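[1] pasting the sequence and the predicted model now:
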Amino acid sequence: MDDMFVRNAWYCAGWDYHLSQGQKSLLARKIAGERVVLYRKPDGGVVAMEDRCCHRGAALSLGQKEGDCVRCMYHGLKFGPDGVCVEIPGQDTIGRRARVRTFPVVEKNNWIWVWMGDPDKADEDLICFSVGPGNPDWNIKTSEMRINANYRLEMENLADLSHVAFVHQQTLGGADLETRRGWTEVNAIHTVLERGLNTKYCIRNVPVFHVLTHLFPPEARFDLEFDINITIPLNWVTHIKVYPAGTEGVGRQLISETYTVQTVCPEDEDGVQYYYSWGESKATDFPGVSDLLRETLDKAFVEDKTMLEAQHVRRAEKPDAPMINIAVDAGPNKMLGVLDKMLREEREEREAIARVA
Amino acid sequence: MDDMFVRNAWYCAGWDYHLSQGQKSLLARKIAGERVVLYRKPDGGVVAMEDRCCHRGAALSLGQKEGDCVRCMYHGLKFGPDGVCVEIPGQDTIGRRARVRTFPVVEKNNWIWVWMGDPDKADEDLICFSVGPGNPDWNIKTSEMRINANYRLEMENLADLSHVAFVHQQTLGGADLETRRGWTEVNAIHTVLERGLNTKYCIRNVPVFHVLTHLFPPEARFDLEFDINITIPLNWVTHIKVYPAGTEGVGRQLISETYTVQTVCPEDEDGVQYYYSWGESKATDFPGVSDLLRETLDKAFVEDKTMLEAQHVRRAEKPDAPMINIAVDAGPNKMLGVLDKMLREEREEREAIARVA
Amino acid sequence: MDDMFVRNAWYCAGWDYHLSQGQKSLLARKIAGERVVLYRKPDGGVVAMEDRCCHRGAALSLGQKEGDCVRCMYHGLKFGPDGVCVEIPGQDTIGRRARVRTFPVVEKNNWIWVWMGDPDKADEDLICFSVGPGNPDWNIKTSEMRINANYRLEMENLADLSHVAFVHQQTLGGADLETRRGWTEVNAIHTVLERGLNTKYCIRNVPVFHVLTHLFPPEARFDLEFDINITIPLNWVTHIKVYPAGTEGVGRQLISETYTVQTVCPEDEDGVQYYYSWGESKATDFPGVSDLLRETLDKAFVEDKTMLEAQHVRRAEKPDAPMINIAVDAGPNKMLGVLDKMLREEREEREAIARVA
């Protein structure tokens, strides 16, 4: 497991609305193999700590909040937001080892971000840009899903959209040959970033996303411009503009401008929690269309889930089976390369520390 | 797993009616540890190939048929019925490694048979004789069941019918002592075949199969003649004739003449898919009786399933616990001997090849 | 597993009413890793034997009773109450190895007790004292529950009741600070016994058990006297007396006198079967109150189950994570010490025997 997840990264633990002020509102998450409990303090701030009491391993997420502390409701140990035990029922003194690990945590753009590595390296500027449901310029709608597949398979999925032509025929893509050609023959411009990948392309002269086609004449064709940023561990932030096919330049009609912002939080080697959103800019929005986009993602990601879970089973059964590369793997391979480079660097750093010690 | 299944054998993948002409009618099976997808071509022929795309391991069974090809609906690779990739969306050339394994497949007597070993050895004459639902001389009714037990336990079960007196008291056998004695004290004549076992015997002076007794006077007694052929991996073809007890010779009344034809397809070490049938000859059939036979097997095999699954758990928990042999094990031990001999020969062949290489 | 359970101990297999005279009434249990089948003979006595036929490993618990024998309903082998096979259908002779292991079994105080070790050491005097539902002086009500946690976690739970203040706030304890202080600041007197632990204390000046508070004025306060005996493997017999707070001596009012008698039967490393009871003495009983006590345990043990199963998952995920000791661990640590000493002694005895052999 140590070799499977980047430690020094911000992991998304969910939407801000998952954390209420309720006394028992303690969010139990598994993030990169670690049990984490999150809760909101009376002042609105968020705490993330190991979901495992230092006494006997009980789940702190079954506890309750008292002020800005959390009390383990097995034997009553109370921990401050810094993880230090401040009360042990039945005794007066508290030893130095009575504490649980805490994690740096930040709310940004309506997402909760937890840093799973060295706290000294927890730079908030490393949190990916995104557009949240609270952004007044956009009408962003949110959702979530559990998928029982390794997050590398999700990474392959998100780093190449040619699969829209096949997996998502009934939702985003379309069964016609124009759509298939449009989504599979893209001239993607990939730019490898320090912790991610930027990909830009335009899908030209295709029908609009399948679920929207009834809103336009059957013969209507469009150009779809994508600007996609993927960052470690697996954040996917995409800006999409839709124009009438073949139009160019400043004065052309902007039919739809949306952001879809998605993060995949790996729980362990066999599953991820997926938080996602989609919505129009206020300039192009009209009633019900952002709701339709969110609804469409819910359906499309069930299509992905079916495909990815079957793929996960097959990969696990024959981990060493040969695979071939094809043209559309350029994006996935670059992004997996970024991930593997970071994993290698962290492993080398751990080994160097172990040699010194 | 390599040592658990005979490779060079025809495995039953189901009934012919499992394979329709639907575009999404792709049958996902696990056979002897391998994922196999089966589909019917427009010309009626059947294709069996590895259910695992050579690109990224997606399930081809989630794909769709196009002509006599199958298209992986993840990234759109299209494969001919020979497993060779004929289209990769997004690129013009196709490498030699772009192919999936195919398996020899034959339909015979309404069953689909897949050869899991060396294709050069796939001799159709090795497919067991059977009587299918399409046979105009018989009224064969079909069914199927999943059982979570190792197929060797099924082999022990099918190679000795003394258990009918106990497991199947409420369906095939009967709780009376005559029936018990009849089914347990048979003078079986076993003949070991190259890839199986033939067993012949007559159960004398017993009530008929339990579920049929209400059709006859309470005192009616019968002789039940069995001719059973078991072949590798686990096909069970049985011809049963029922006569009034004690009658002999040419002119005696043939009350019932049936075939019950069953195959157990091992999926992996922990489970099998069971396809089975039973029915009267047209000469002895009368309305509803073959339906009753099929219905009886459904109930009887739930009785077996309960027993075998509990046995499987116990065998797995204590694989080395001592066991004793009793008289009725003669058939099971001969048939397990045939299986173990074939497994040993295949293992030796693999090792010999490995030494040369 | 050999190192996880004490062999030479009486394990509770359930309540006497679990064993009826029905022909198919065969109780399948897993006790300390062993499959055991129990049944009641026509004379009322109880038999416990390995739930695994010596022939092919079938479950004897799927068999049927015939006289004081049990017949395996796979191939019909019949076993006497001493485990010796007395009939093998299809053959006349019975070999010496045709037998299954039996276990010493005793009914006492409406519980069924099975000895899992050396039969020569099965001393009935080692069965713990208890008060059963059949005891005419008490109104004991019984219940049971499955908990998916290792029995050592149950031992920690039962050997310290400070958790009542937290886990059982809504049932036994109470959310007020008086109750919390009362349950966590006890002056327990622990006495280590040869095979267990006696603990005595009085919880002073607290409200009564939470679910009983509506029966008294809000300001009523009580002293709760506990006398607790825990014995190996995990029997918990507790005598509780409730007095008005602050009263002392012979003449004071005895408001409630109850016994709650509980045993935890470890099935394997991941789960236990829990049999428990609670009830008033006839002197203090009044209509419905013992039913309420039993109902309260059902609710309270669901509270424990939630806590223990989450704890079990966390312990299994990180078995070597450090833990700290606190004051209330005195009881649990003493009782775990008794268990570990017995496990060590049995291991040393096995090793000594192995060296001789």
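    The structure has been received and is ready for your questions. Numbers count the residues shown, from 1 in each chain, chains lettered A, B, ... in the order given.

[2] and the pLDDT for the closest residue to A:Gln253 other than its chain neighbours?
    Once flanking residues are discounted, A:Gln253 sits nearest to A:Pro244: 5.8 Å by CB to CB, 6 or more residues apart in numbering or on different chains. (C-beta placed from N, C-alpha, C; glycine too.) What the model reports as pLDDT for A:Pro244 is 97.

[3] do the one 4 residues further on as well
    Model confidence at A:Glu248, given as pLDDT, is 91.

[4] and what of A:Pro233?
    We have a pLDDT of 97 for A:Pro233.

[5] which residues touch the nearest residue to it once chain neighbours are set aside?
    Leaving aside its sequence neighbours, A:Pro233 sits nearest to A:Ala9 (CB to CB, 6+ apart; 5.2 Å). Going by CB atoms under 8 Å, 6 or more residues apart in numbering or on different chains, A:Ala9 touches A:115-117, A:126, A:195, A:232-233, A:342.

[6] among these, which are in helices?
    Judged by DSSP state H, those include A:Met342 as members of helices.

[7] out of the contacts of A:Ala9, which comes closest to chain C?
    A:Met116 (15.5 Å; CB to the nearest CB).

[8] could you double-check that that closest one sits in contact with A:Val105?
    No - using CB atoms under 8 Å, A:Met116 is not in contact with A:Val105, being 10.6 Å away.

[9] host element of A:Asp298?
    In the assignment (DSSP states H and E), A:Asp298 maps to helix A:289-317.

[10] pull out the buried positions in that helix.
    Counting neighbours by 16 or more other CB atoms under 10 Å in any protein chain shown, one finds that the buried residues in helix A:289-317 are A:289-290, A:292-297, A:300-301, A:303-305, A:307-312, A:314-315.

[11] roughly how far does the residue nearest to A:Pro233 sit from B:Arg344?
    Distance, A:Ala9 to B:Arg344, by CB to CB, to the nearest Å: 53 Å.

[12] same question for A:Gly22.
    65 Å.

[13] same check, this time on A:Val106
    From A:Val106 to B:Arg344 the distance is 63 Å (CB to CB).

[14] more neighbours, the two?
    Neighbours per residue, other CB atoms under 10 Å in any protein chain shown: of A:Val106 and B:Arg344, the larger number sits with A:Val106, 16 against 11.

[15] follow-up on the earlier one: and the contacts of A:Ala9, which is closest to chain B?
    Nearest to chain B among those, with distances taken as CB to the nearest CB, is A:Pro233, at 20.0 Å.

[16] go ahead and confirm the closest one touches A:Ala32.
    Yes - taking CB under 8 Å as the definition, A:Pro233 is a contact partner of A:Ala32 at 7.3 Å.

[17] so what sits against both of those two?
    A:5-6, A:11, A:266.

[18] so which of those sit within strands?
    Within those, residues falling in strands by DSSP state E are A:11, A:266.

[19] got the residues of chain A near chain C?
    A:35, A:51-52, A:54-59, A:61-62, A:71-77, A:88-91, A:95, A:97-98 (CB under 8 Å from any CB of the partner chain).

[20] from those, list the buried ones, please.
    A:35, A:51-52, A:54-59, A:61-62, A:71-77, A:88-90, A:98.

[21] now for the helix holding A:Asp298, which elements pack on it?
    strand A:138-147, helix A:151-158, strand A:256-268, strand A:271-281 (3 or more CB pairs under 8 Å, 6 or more residues apart in numbering or on different chains; DSSP states H and E).

[22] adding mean pLDDT and mean neighbour count, write these out as a markdown table.
    Formatted as a markdown table, those follow (pLDDT from 0 to 100; neighbours: other CB atoms under 10 Å in any protein chain shown):
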| stretch | mean pLDDT | mean neighbour count |
| --- | --- | --- |
| strand A:138-147 | 98 | 19 |
| helix A:151-158 | 98 | 23 |
| strand A:256-268 | 97 | 22 |
| strand A:271-281 | 98 | 23 |
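
[23] now do the helices in the stretch 1-150 of chain A.
    Secondary structure of the stretch 1-150 of chain A (DSSP state H, counting those that start in this stretch): no helices present.

[24] middle-most residue in chain A, spatially?
    A:Thr263 (1.1 Å; CA atoms, centre = their mean).

[25] how close does it get to chain B?
    A:Thr263 is 22 Å from chain B, where distance means CB to the nearest CB, to the nearest Å.

[26] looking at stretch A:8-23 now, give me its mean pLDDT.
    97.

[27] now do the end-to-end distance for it.
    31 Å (CA to CA, to the nearest Å).

[28] quick one, strands of the stretch 51-200 of chain A?
    Taking DSSP state E, counting those that start in this stretch as the criterion, the stretch 51-200 of chain A carries its strands at A:64-66, A:69-71, A:78-79, A:85-87, A:102-103, A:105-108, A:111-115, A:138-147, A:189-193, A:196-206.

[29] now render these as a markdown table, adding distance to B:Ala122.
    Formatted as a markdown table, these follow (distance: least, CB to CB, whole Å):
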| stretch | distance to B:Ala122 |
| --- | --- |
| strand A:64-66 | 67 |
| strand A:69-71 | 65 |
| strand A:78-79 | 67 |
| strand A:85-87 | 69 |
| strand A:102-103 | 58 |
| strand A:105-108 | 61 |
| strand A:111-115 | 56 |
| strand A:138-147 | 39 |
| strand A:189-193 | 46 |
| strand A:196-206 | 46 |
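
[30] out of those, nearest to chain B?
    Here strand A:196-206 is closest among these (CB to the nearest CB), at 12.0 Å.

[31] for that closest one, buried residues please.
    Those would be A:196-197, A:199-204, A:206, for strand A:196-206 by 16+ other CB under 10 Å.

[32] tell me the angle of it relative to helix A:151-158?
    Relative orientation of strand A:196-206 and helix A:151-158, computed by axes from the mean of the first three to the mean of the last three CA atoms, to 10 degrees: 40 degrees.

[33] list the strands paired with strand A:196-206, with their directions.
    Strand A:196-206 pairs in its sheet with strand A:189-193 (antiparallel), strand A:222-231 (antiparallel), by DSSP bridges.
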